[in-house]
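Peer 1: this is a predicted model, with the sequence first.
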Amino acid sequence: MVIQRTALLKMRNIGIIAHIDAGKTTTTERILFYTGKTYKIGEVDEGTATMDWMVQEQERGITITAACITCYWRDFRINIIDTPGHVDFTVEVERSLKVLDGAVVVFCGVGGVEPQSETVWRQADRYNVPRIAFINKMDRTGVDFFEVIDQMHKRLGAHAAAIQLPYIVEENIKGIIDLIEKKIIYYKDELGKEYDIQEIPAELKNEAVKYRELLIEKLAEQDELLMDKFVHGKEITPQEIKDSIRKTTIKNLFVPVLCGSSLRNRGIQLLLDAVCDYLPSPSDVPPIKGMEPNSREYQERIASEDAPFCALCFKVATDPYVGRINFLRIYSGSINSGEYVYNALQRMKERITKLVLMHANDREIIEEAFTGDIVAAVGLKETQTGDTLCDESEPILIEAMRFPQPVIQQAIEPETKQDQEKLGFALHKLEEEDPSFKVNYNQETGQTIISGMGQLHLDIIVDRILREFKVAASIGQPQVAYRETITKKVKSTGKFIQQSGGHGQYGHVVVEMEPAQMPGEGITFEDKIKSGAIPREFISSVKKGIINSARSGIIAGFPVTDVKTILVDGSYHEVDSSELSFEMAAAIAFNEGLKKAGSKLLEPIMDIEVTVPEEYMGQIIGDLNSRRAKIVSIMTRLHLRMIRAYVPLGEVFNYATVSRSLTQGRASYTMEPSYYAEVPAHILEKIQAGFTSASSRKTF
């Protein structure tokens with residue numbers, strides 16, 4: 001099938017992002033219904049949502065993986081990515097925002113700006129993604145539309161203003177006031193398909209005038225043309241307001257705020273209009289930036305089919321019918337099915353055997369794809385998440401995505417020899433799909449260790465291993481993923497010399513080690529060898545030895561991170577030197593360096609927010625203090641208290657049970673990784689004692 005061509009100005013690539021349970025998937029399901037993509041509204045609670053197609057999503061009523069779908073509204077083509085809200089799957093939001101041109105941020109009208117709302121907002125800031133806000137659940141008890149906007153200003157630093165007001169009667173959203181056109185939309189049926197547009201009633205006019213003037217005032221602060229008219233008291237037309245909203249939103253200077261109730265089918269058509277009217281097309285955003293792979297010179301690609309082909313692989317998945325698929329965002333040029341593309345990072349050519357347009361988990365084979373499209377490619381064997389695909393004659397390397405480090409881990413072991421190979425295959429596929437999921441083999445205990453972003457993340461991974469890949473395996477208890485790093489710069493020498501008759505082994509390296517400049521850099525390697533002290537063919541072995549050695553530190557066997565290593569000197573033997581000898585020498589040098597550089601153990605610190613009735617606040621604060629928590633704020637919302645704190649992950653395993661017992665089940669909490677901090681001495685002793693005993697036995 002040939003994909004329907006859409007002019008770039010009529011294309012929107014958007015993401016739906018929010019805190020968990022704000023209503024992202026419910027909103028997306030209504031969008032699909034009103035655009036004619038589906039003929040029956042899917043419901044999250046019933047497990048019938050189009051976008052939540054995984055068994056695990058349907059069973060739990062949450063979104064786990066970002067799903068892509070294409071729909072049409074007016075004469076616009078909208079490519080939508082519905083993202084997870086749970087912090088354990090924040091990597092899905094990260095890689096989606098990397099390739100999107102705009103976003104709809106959904107807020108709960110009662111919960112307001114919640115912790116994960118802040119996380120996704122910061123992610124959108126990082127990638128400079130223009131966004132509009134949709135305040136959902138306006139039919140619920142305790143909603144406060146203006147309080148949510150106030151929280152957006154205070155907690156997110158958003159320059160936001162309402163372009164709509166909810167008309168609520170007895171906790172039912174009967175209509176929506178359009179501040180731009182000075183009209184009110186009344187809904188006539190439950191499905192929200194039939195509605196009347198009327199003049200605003202007299203009793204609502206004063207409020208509408210007040211907030212319309214506030215909207216114009218907010219826009220005028222960012223728009224000189226509107227400011228001139230506003231200052232001189234000239235009439236400002238609805239079209240001028242719309243033009244100003246579009247201009248300032250695309251520049252990330254303004255966030256228009258809409259309202260509705262997705263579950264009650266209110267406000268979705270107006271949201272679709274806003275997506276088309278205010279969010280950018282691929283040609284409205286700046287050209288994609290990168291560098292020439294060889295010269296490292298700055299490069300950019302404008303969004304044009306006449307420009308050389310350039311695309312970013314932002315996701316890898318395994319499809320049960322077509323096998324491995326790579327999700328691509330095409331920034332420039334076009335591509336046909338069967339063509340070869342150049343992977344600029346891995347410096348190799350690969351052939352795309354099929355191009356596929358994804359509709360959640362359904363596939364539509366297409367012959368070609370163009371600038372601005374989000375498609376899936378079949379046949380790419382080596383291309384990974386973050387790789388750039390381009391024209392070999394005009395190569396460009398787009399900046400890769402950064403993914404968070406796992407904070408929790410557990411052991412997994414096949415039950416039979418037959419399952420061993422199946423487990424290895426499953427773990428490889430899952431690690432390929434999910435950059436925040438890591439697999440390591442612990443030499444000390446002989447265990448395979450899987451690491452992820454949280455308990456739910458690993459639960460889903462294990463569930464997929466058992467059900468999707470049909471592997472019988474034993475699972476260990478979850479543990480904190482501690483990290484080891486160094487505190488000062490040192491120089492270290494490593495020698496590996498063996499003589500046993502005939503050819504021996506000789507490797508000698510000198511490395512400098514220093515703490516990384518920025519957290520999250522991992523292990524970096526730099527070659528500064530001069531005058532051929534070590535032949536070029538052995539440099540990669542030195543790097544391999546360092547990387548392998550960093551998988552297990554000297555304090556308690558946890559991975560080493562955030563260390564910069566520089567190879568400065570060494571020597572070799574013309575006969576006895578080999579790749580193995582230099583790999584071993586590098587490992588010795590690295591371990592010696594860890595001892596000299598004052599290694600320290602780091603633990604993940606979580607950002608936790610507990611929502612609790614006022615009468616139980618004292619119990620929760622007392623319990624958090626006993627868990628080495630640092631309370632940073634206590635906020636009030638209605639009769640509830642929001643206690644925000646930083647607490648070590650090791651202190652809050654099974655916190656759901658504890659918080660329920662302390663508050664008779666009336667507390668809820670959200671938690672996400674924030675940073676790593678040094679482990680206190682008394683905790684370190686316990687960790688080392690546990691490591692010593694675990695080294696001599698396997699525990700399941």
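Peer 2: Sure, I can see it.

Peer 1: quick one, what contacts residue 179?
Peer 2: For residue 179, the contacting residues are 162, 163, 164, 165, 208, 211, 212, 215, by CB atoms under 8 Å, 6 or more residues apart in numbering. C-beta here means a position set from N, CA and C on the backbone, and glycine is covered the same way.

Peer 1: and the strand or helix carrying the fifth one, what's buried?
Peer 2: It refers to residue 208. Taking DSSP states H and E as the criterion, residue 208 maps to helix 202-220. Counting neighbours by 16 or more other CB atoms under 10 Å, one finds that the buried residues in helix 202-220 are 208, 211, 212, 215, 216, 218, 219, 220.

Peer 1: picking up where we left off before, and the contacts of residue 179, which two are furthest apart?
Peer 2: For the contacts of residue 179, with distances taken as CB to CB, the pair at the greatest spread is 163 and 208 (11.5 Å).

Peer 1: return the helix or strand in this protein with minimum mean pLDDT.
Peer 2: helix 55-60 (a mean of 63; mean pLDDT, DSSP states H and E).

Peer 1: put the alpha carbons of the helix or strand following that one into PDB.
Peer 2: Past helix 55-60, further along toward the C-terminus, the next helix or strand under DSSP H and E is strand 67-73. The C-alpha coordinates for strand 67-73 follow below in PDB (Å, rounded to 0.1, in the frame of the first residue of the first chain):
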ATOM      1  CA  ALA A  67       2.000   2.800  21.200                       C
ATOM      2  CA  CYS A  68       1.900   4.600  17.900                       C
ATOM      3  CA  ILE A  69      -1.200   5.200  15.800                       C
ATOM      4  CA  THR A  70      -2.200   7.500  12.900                       C
ATOM      5  CA  CYS A  71      -5.600   9.300  12.600                       C
ATOM      6  CA  TYR A  72      -7.100  12.200  10.600                       C
ATOM      7  CA  TRP A  73      -9.000  15.300  11.800                       C
END
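
Peer 1: any low-confidence regions in the chain?
Peer 2: 1-5, 42-64, 85, 320, 442-446, 500-502, 638, 690-700 (pLDDT under 70).

Peer 1: who does the strand ranked longest in the chain pair up with?
Peer 2: If you go by DSSP state E, the chain has its longest strand at strand 600-613. Sheet pairing of strand 600-613 (DSSP bridges) gives strand 483-485 (antiparallel), strand 640-648 (antiparallel), strand 668-678 (antiparallel).

Peer 1: packing partners for the helix or strand following the helix holding residue 208?
Peer 2: Next helix or strand after helix 202-220 toward the C-terminus (DSSP H and E): helix 224-231. Packing contacts for helix 224-231, counted by 3 or more CB pairs under 8 Å, 6 or more residues apart in numbering; DSSP states H and E, involve helix 202-220, helix 238-250.

Peer 1: would you turn these into CSV with distance to residue 262?
Peer 2: Putting the helices and strands packed on helix 224-231 into CSV (distance: least, CB to CB, whole Å) gives the following:
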stretch, distance to residue 262
helix 202-220, 22
helix 238-250, 21
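
Peer 1: between the ones you listed, which one is closest to residue 338.
Peer 2: The closest of the helices and strands packed on helix 224-231 to residue 338 is helix 238-250. By CB to CB, the value is 36.4 Å.

Peer 1: mind listing what's buried in that closest one?
Peer 2: 240, 241, 242, 243, 244, 245, 246, 247, 248, 249, 250.

Peer 1: kindly export the helix or strand in which residue 149 is found (C-alpha atoms) in PDB.
Peer 2: In the assignment (DSSP H and E), residue 149 maps to helix 145-156. Only the C-alpha atoms of helix 145-156 are listed here, as PDB (Å, rounded to 0.1, in the frame of the first residue of the first chain):
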ATOM      1  CA  PHE A 145      -9.600  24.100  37.400                       C
ATOM      2  CA  PHE A 146      -7.900  27.300  38.400                       C
ATOM      3  CA  GLU A 147      -5.900  25.600  41.200                       C
ATOM      4  CA  VAL A 148      -4.400  23.300  38.600                       C
ATOM      5  CA  ILE A 149      -3.400  26.200  36.400                       C
ATOM      6  CA  ASP A 150      -1.900  27.900  39.500                       C
ATOM      7  CA  GLN A 151       0.100  24.700  40.200                       C
ATOM      8  CA  MET A 152       1.400  24.700  36.600                       C
ATOM      9  CA  HIS A 153       2.800  28.200  37.200                       C
ATOM     10  CA  LYS A 154       4.300  27.400  40.600                       C
ATOM     11  CA  ARG A 155       5.600  23.800  40.200                       C
ATOM     12  CA  LEU A 156       6.300  23.700  36.500                       C
END
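
Peer 1: list the contacts of it.
Peer 2: The contact list for helix 145-156 (CB under 8 Å, 6+ apart) reads 107, 109, 112-113, 117-118, 121, 133, 135, 138, 158-162, 165-166, 255, 257, 259.

Peer 1: all strands of the stretch 301-450 of the chain, in order?
Peer 2: 310-319, 323-332, 335-336, 340-343, 348-351, 354-359, 362-366, 368-369, 374-378, 388-390, 397-398, 408-414, 438-442, 447-452 (DSSP state E, counting those that start in this stretch).

Peer 1: the inter-axis angle of the last one versus strand 408-414?
Peer 2: On the basis of axes from the mean of the first three to the mean of the last three CA atoms, to 10 degrees, strand 447-452 is oriented at 140 degrees to strand 408-414.

Peer 1: before we move on, what about the second one?
Peer 2: With the same axes, to 10 degrees defining the directions, strand 323-332 sits at 140 degrees from strand 408-414.

Peer 1: quick one: strand 323-332 to chain centroid distance?
Peer 2: Offset of strand 323-332 from its chain centre (CA atoms, centre = their mean, to the nearest Å): 17 Å.
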